[in-house]
Structure formats: structure tokens, C-alpha cells
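Participant: Predicted model, plus sequence, below.
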Amino acid sequence: MGKRMPVEIVAEILDRCLEENPKTRIMYLSNLSFGGITKYLAWLTSSGLLQKDLLTRKYQTTTKGKKLLSCWSETCKLLQIEKQNKTKWMTPQIASATRFKLPTMRNASISSFIVPKGSLTEKL
């Protein structure tokens, strides 16, 4: 399983919380560590995207969170991003366009960039 973008993790958590769920269930369903889920839940709750029931200690997606989830879903449809292998949301075109390797201070030369095929530099 590859690395997921933070927006993918947020969308997955919001989706898992459409029905009330406790932290550990969200953690297992989202495939995150305890520390990771704690940080995301704190941020999502403080942003108003999730609400926590203090009595049951369960999280649920708010109206604002549902709007964000809907926007993310619509964005994926517009960009024709498909969920592959249950975690990978990027099409081959988007994946190849994101393969830029930024140079470090040791090898800071133009040749250290990996430029995607069919990019602007090939058209010049």
C-alpha cells in the first residue's frame, strides 16, 4: 500500500464517520495508527468537520464535513480519479505528473529534476 495524501485520509475519516463510530473503529477502518488518528480527529473536530458525542465518545460527520466529502467526491469525478486498490486515488496521468523529485542542496542542479513525459519542456 502506498502513501496516501492527507486529503484522502480526511475524506476516508469523514466517510467512516457518516455513522457514529468510536475512535478505535475509525482507526482500524482508516488504517491509521493511534497517534495518527488522534491528530486527525482533533483537527477535524476543531475545524467543525466532525463532532464528538462526549457521552458515547463516538464521532460523527457534521453538515460541514458532509459538504467537504461531497466536494471531494465531485472533484474526483471531474478529474476522473478512480479508487484503485482501495487506497490509490490517482490516475496514471496524475501520478506521472506528480513524480517531480526536488533537488537537495547536495545535488541542486537542473539535471536532478525528473520531468514527466510529454511535459512543457519537451514541447519547447
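Facilitator: Yes, it's here. As the structure is a prediction and not an experimental result, all values here were calculated from the model.
Participant: Confirm for me that Leu14 is in contact with Gly48.
Facilitator: No: using Cβ atoms under 8 Å, Leu14 is not in contact with Gly48, being 11.9 Å away. Just so you know, the C-beta spots here come from the backbone N, C-alpha and C atoms, and that holds for glycine as well.
Participant: Identify the contacts common to those two.
Facilitator: Contact criterion Cβ atoms under 8 Å, 6 or more residues apart in numbering; residues shared by Leu14 and Gly48: Gly65.
Participant: out of the two, which sits in the more crowded spot?
Facilitator: Comparing Leu14 with Gly48 by other Cβ atoms under 10 Å, the one with more neighbours is Leu14, at 25 against 11.
Participant: outside of whichever strand or helix holds the more buried one, which residues touch it?
Facilitator: Under the criterion DSSP states H and E, the helix or strand holding Leu14 is helix 6-16. With contact meaning Cβ under 8 Å, 6+ apart, helix 6-16 is reached by 4, 25-26, 29-30, 32, 37, 40-41, 44, 49-50, 61, 65-66, 68-69, 72-73, 87, 89.
Participant: So for it, what gets flagged as buried?
Facilitator: Glu8, Ile9, Val10, Ala11, Glu12, Ile13, Leu14, Asp15, Arg16 (16 or more other Cβ atoms under 10 Å).
Participant: how does this structure divide up, domain by domain?
Facilitator: 6-78, 92-123 (automatic domain parsing).
Participant: mind showing which ranges of this protein have poor pLDDT?
Facilitator: 1-2, 81-124 (pLDDT under 70).
Participant: Asn31 and Lys77: what is the separation?
Facilitator: 24 Å (Cβ to Cβ, to the nearest Å).
Participant: Which stretches in the chain count as helices?
Facilitator: 6-16, 23-30, 34-46, 63-78, 92-97, 120-123 (DSSP state H).
Participant: Show me what counts as buried in the longest one.
Facilitator: Going back to what we said before, that points to helix 63-78. Quick answer for helix 63-78 (16+ other Cβ under 10 Å): Gly65, Leu68, Leu69, Trp72, Cys76.
Participant: go on, stretch 24-31?
Facilitator: Quick answer for stretch 24-31 (16+ other Cβ under 10 Å): Ile26, Met27, Ser30.
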